[in-house]
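# here's my sequence, what's the structure:
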Amino acid sequence: MTEDLLSADVPDDSHVGQVASWFRQQFALGRGVAPERAAELVVTLASGRADALSGRYLTAYDDVEELVGRAAEIRRDDLYTLRLRELDPAPHRDANMSRTGSVQ
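Numbers count the residues shown, from 1 in each chain. Take a look at the predicted model:
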């Protein structure tokens, strides 16, 4: 898919052209990841060996085995997390309901 995108003959100002340009920039900066490395991460995650990191933000650049070894520290310091924080519920909204209407 990436090779097709990079070789696509599309206008630079089109959506596809903008995405292709972004990919080219990332590769030029050395941010490409070999498919084998991405596959290794998927296998590690699917195996359950990294379950201690569940809910954490990981990338193919991370040394997941090292992170698994430091999982207690990562949990203790709340590392590798992304958060979505909302304002207090609006007065007209039930405090037990999320914005999507599901009970929290």
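# how's the protein carved up into domains?
For the chain, the structural domains run 1-32, 33-82, going by automatic domain parsing.
# tabulate these (JSON lines), appending distance to residue 88, mean pLDDT and mean neighbour count.
In short, each C-beta sits where N, CA and C put it, glycine included. Shown next, in JSON lines, are the domains of the chain (distance: least, Cβ to Cβ, whole Å; pLDDT from 0 to 100; neighbours: other Cβ atoms under 10 Å):
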{"stretch": "domain 1-32", "distance to residue 88": "37", "mean pLDDT": "82", "mean neighbour count": "11"}
{"stretch": "domain 33-82", "distance to residue 88": "21", "mean pLDDT": "94", "mean neighbour count": "12"}
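# out of those, the one nearest residue 89 is which?
domain 33-82 (21.6 Å; Cβ to Cβ).
# so the most centrally placed residue in the chain: helix, strand or coil?
Centroid check for the chain by Cα atoms, centre = their mean gives residue 57 as the closest residue, at 5.9 Å. Assigned with DSSP: H, G, I helix; E, B strand; the rest coil, residue 57 falls in the coil class.
# and it, what does it touch?
Residues near residue 57 by Cβ atoms under 8 Å, 6 or more residues apart in numbering: 80, 81, 82.
# of these, closest to residue 4?
Of the contacts of residue 57, the one sitting nearest to residue 4 (Cβ to Cβ) turns out to be residue 82, at 30.3 Å.
# how close does the closest residue to residue 52 other than its chain neighbours sit to residue 38?
Distances taken as Cβ to Cβ, 6 or more residues apart in numbering place residue 71 nearest to residue 52, at 3.6 Å, with adjacent residues excluded. Plainly put, residue 71 is 22 Å away from residue 38 if you go by Cβ to Cβ, to the nearest Å.
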